[in-house]
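1. everything below, folded, please.
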Amino acid sequence: MGAGPESDTEIEWQLEAQDLRLVLRWIERIAADGAGGLTIAARPTVNVVDTYFDTEDRRLDRAGYSVRLRRTRRSPAEATLKSLDGARSDGPRIRLELAEEVEDDPLALASAPGPVGRRVRALAGSRKLVPLFDLQTRRRVFALAAAGVPSGELTLDETAIREHGGGILSRLRRVEVEVPEAALETVGPFVESLQRSCGLQPSLLTKYETALAATGLERARPESFGPATIDPGDMIGQVALAVLRRQFAAMLAKEPGTRLGEDIEELHDMRVASRRLRAAVSLFGEFLPAEAARLRPELAWIGQTIGAVRDLDVQLAQLDEWTEALPEADRQALAPLHALLAEERERARADMLEALDSPRYQRFIRRFGAMLRARSGTRTGPARAVAPDLVRRRHRALRKAMRRVDSEGEPETYHRLRIAGKRFRYALEFLSDVYPGETARLVRRTVALQDLLGDYQDAHVAIARLRVLAAERGGALGPEAVFAMGEVAERYRSGMEEIRGRVARVHSRLDGKAWKRFRKHMDAERPPPPVAPARAPDPAPPEPAA
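-> The predicted structure follows:
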């Protein structure tokens, strides 16, 4: 129940019942005596058949959603998508629920034009939906109202869990009370009285989760690619593989949210994880299997594909910020520009989804995962013997990039400085468990430099995009929009100038006491090189025969 199909929130108590007849008698008595200001009206009993679907690799479950096709005799078929979180032991479950009418055909789930179909297509991609199980429910329905205002619905459900198109696997009896948010305070005491009087307990599992267990399935779990913990005494190959496993798992965990596109931070986090993977392959390259280097171009391709959408997200957000500070006339003039950037983002997002659904992406996932599972990294040197050289190499590159900024000052040199800073930061973060508690200060200072240079790069990219749009689409946008775009570009340029004056000071904090202290700590923790065993003297030649 909710206000609209795009923003429905289900607020529902689910209670286990051994005998629904006891609950029914209580409802009838309370309805006759009055229920604390609530009226209870019986509605016709309905028979409902729900078929739940997912892909073979359980993409919907891994994304945190269940999807069902509901059929009743008196209503059109309905597709429903629910989030699988929101469980509470002290109150109702609160979770997303979206629904739309569809044809009575499983294929309609993936082609439906509404909020369910769009999300199913984004999550499932090119994978086909397959039925998991059926729930056949006899449902007695009671409408709740307070002072004549609809305040929710109480249902008594007798459900048979079946194999899809097959026999009964289990049965359950549930009392469910679903309410709109405005009625929570009114209906809450009623539900508490219902629980106490009828001895009902909150359901620990949803119907979906209960049916999974009955069919021998479980909630989809993140894949494991091998050990991801790091100990200071580990070999450098073990550290490298653990870092890759962490970042690979993080990238895959953010893929569902990236596909949905409802939270731009999910896409940002997936892009960051892909960048960290590339940085780790570069940093630890000589201690990794050769397959890692062969797959690095695929990581670059993934990062670029996601990055095209992320760059437009940043520009749209920045445009909104600038627009707020402009006079009303200029705001109106920039509306066509906002629409144009939004169209570009939609095209970039379509390209991204096509890439994530492509055989190329699936091959990369299989190959990278297989590499991580197959290797242990134990046949390499101690991490603390190797790490100081890896970190120093990244620090020298950062210092060199700063010298180029001082001498040239072109946007490209700031971009190279940003990349060098990012690689230095990632090296510190990747090795933080090798030097527990010793890298945090330098990481914070590197993040400050990165944030500054990130704003600079975003402004540079935005100016370039505005220039291209003015040249290629200026006629369609109109002179007022082009003029306002010039004002926005000038704001970006002013911001870049302000950043230029701060970069050297922020960078200097990475060459001071914090760096020297960490460098000394790495040297102190470096194990001595192994001593070669003394060579045994050559045996004396045999005495000549007499």
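2. list the buried ones in whatever helix or strand Glu192 lives in?
-> Glu192 belongs to helix 184-198 when assigned by DSSP states H and E. By neighbour count with 16 or more other CB atoms under 10 Å, helix 184-198 contains the buried residues Leu184, Thr186, Val187, Phe190, Val191, Leu194, Cys198. Every C-beta, even on glycine, is put in place using the N, C-alpha and C of the backbone.
3. adjacent strands (with direction) for the helix or strand following it?
-> On the C-terminal side of helix 184-198, the closest following helix or strand by DSSP H and E is strand 201-202. Applying DSSP bridges, strand 201-202 is found paired with strand 9-16 (antiparallel).
4. now do the strand it pairs with, average pLDDT.
-> Averaged across strand 9-16, the pLDDT comes to 93.
5. got the buried residues for it?
-> So strand 9-16, judged by 16+ other CB under 10 Å, has buried residues Thr9, Glu10, Ile11, Glu12, Trp13, Gln14, Leu15.
6. okay if I get those residues as CSV plus distance to Thr206?
-> CSV is the format used below for those (distance: CB to CB, whole Å):
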residue, distance to Thr206
Thr9, 16
Glu10, 11
Ile11, 14
Glu12, 10
Trp13, 12
Gln14, 7
Leu15, 12
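7. so which of those is the closest to Asp269?
-> Thr9 (24.4 Å; CB to CB).
8. contacting residues for the closest one?
-> Gly2, Ile94, Arg95, Leu96, Glu97, Glu181 (CB atoms under 8 Å, 6 or more residues apart in numbering).
9. dump the residues you listed to a markdown table, plus pLDDT, neighbour count and distance to Gly257.
-> Converted to a markdown table, the contacts of Thr9 look like this (pLDDT from 0 to 100; neighbours: other CB atoms under 10 Å; distance: CB to CB, whole Å):
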| residue | pLDDT | neighbour count | distance to Gly257 |
| --- | --- | --- | --- |
| Gly2 | 35 | 17 | 22 |
| Ile94 | 91 | 16 | 19 |
| Arg95 | 92 | 19 | 16 |
| Leu96 | 92 | 19 | 13 |
| Glu97 | 94 | 19 | 18 |
| Glu181 | 91 | 12 | 25 |
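10. output the helix holding Glu192 as CSV, nothing but the C-alphas.
-> Provided in CSV are the C-alpha atoms of helix 184-198 (Å, rounded to 0.1, in the frame of the first residue of the first chain):
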residue,chain,number,x,y,z
LEU,A,184,1.2,3.3,12.4
GLU,A,185,0.3,4.9,15.7
THR,A,186,-3.3,4.0,15.4
VAL,A,187,-2.9,0.4,14.3
GLY,A,188,0.3,-0.4,16.3
PRO,A,189,-1.6,-0.9,19.7
PHE,A,190,-4.2,-3.1,17.9
VAL,A,191,-1.4,-5.4,16.6
GLU,A,192,0.2,-5.6,20.0
SER,A,193,-3.2,-6.6,21.5
LEU,A,194,-3.7,-9.2,18.7
GLN,A,195,-0.3,-10.7,19.4
ARG,A,196,-0.8,-11.0,23.2
SER,A,197,-4.4,-12.3,23.0
CYS,A,198,-3.7,-15.0,20.3
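11. mind listing the strands for this protein?
-> For the chain, the strands defined by DSSP state E cover 9-16, 38-55, 65-71, 78-83, 93-101, 129-146, 149-162, 168-178, 201-202.
12. returning to what we had before: chain center to the helix holding Glu192: distance?
-> 37 Å (CA atoms, centre = their mean, to the nearest Å).
13. before we move on, what about stretch 256-272?
-> Using CA atoms, centre = their mean, the offset of stretch 256-272 from its chain centre is 5 Å.
14. what sits up against stretch 53-69?
-> 50-52, 77-85, 102, 104, 106, 108-109, 116, 119-120, 123-125, 127-132, 135, 206, 208, 219-220, 222, 256-257, 259-260.
15. err, stretch 172-184, not the other one
-> Applying CB under 8 Å, 6+ apart, the contact partners of stretch 172-184 are 1-2, 9-20, 23, 92, 144, 146, 149-159, 161, 187, 190-191, 194, 198, 200, 203, 207, 210.
16. what is the end-to-end distance of it?
-> 26 Å (CA to CA, to the nearest Å).
17. can we start the residue count at 58 from this point?
-> Yes, from this point I'll number from 58; that puts the last item at stretch 229-241.
18. quick one: buried residues of it?
-> For stretch 229-241, using 16+ other CB under 10 Å, the buried residues are Leu229, Arg231, Val232, Glu233, Val234, Glu235, Val236, Pro237, Ala240, Leu241.
19. and if you look at stretch 208-217?
-> Applying 16+ other CB under 10 Å to stretch 208-217 flags Ser208, Gly209, Glu210, Leu211, Thr212, Leu213, Asp214, Thr216, Ala217 as buried.
20. now the contacts of stretch 110-126: which count as buried?
-> When these are checked for burial by 16+ other CB under 10 Å, the buried set is 107-109, 134-141, 159, 163, 165-166, 173, 176-177, 180-182, 184, 186, 189, 192, 263, 265, 277, 313-314, 316-317.
21. next one: the longest helix anywhere in the chain to chain centre, how far?
-> Longest helix in the chain by number of residues (criterion: DSSP state H): helix 497-534. In terms of CA atoms, centre = their mean, the centre of helix 497-534 is found 24 Å from the chain centre.
22. which secondary structure elements does it sit against?
-> Using 3 or more CB pairs under 8 Å, 6 or more residues apart in numbering; DSSP states H and E, the elements in contact with helix 497-534 are helix 347-381, helix 385-413, helix 468-487, helix 536-565, helix 570-582.
23. for it, give the mean pLDDT please.
-> 90.
24. from Gly209, how far off is Glu238?
-> Counting by CB to CB, to the nearest Å, the separation of Glu238 from Gly209 is 10 Å.
25. I meant Leu301, not that one.
-> The span separating Leu301 from Gly209 equals 50 Å under the rule CB to CB.
26. buried residues in stretch 521-540, which are they?
-> Buried, per 16+ other CB under 10 Å, within stretch 521-540: Arg522, Leu523, Leu526, Ala527, Leu534, Ala538, Val539.
27. what comes into contact with the lowest-mean-pLDDT helix or strand in the chain?
-> Evaluated with mean pLDDT, DSSP states H and E, the helix-and-strand set of the chain has its lowest mean pLDDT in helix 164-168, which scores a mean of 84. By CB under 8 Å, 6+ apart, the residues outside helix 164-168 that reach it are 110, 124, 126, 134, 136, 159, 173-174, 177-178, 181, 185-186.
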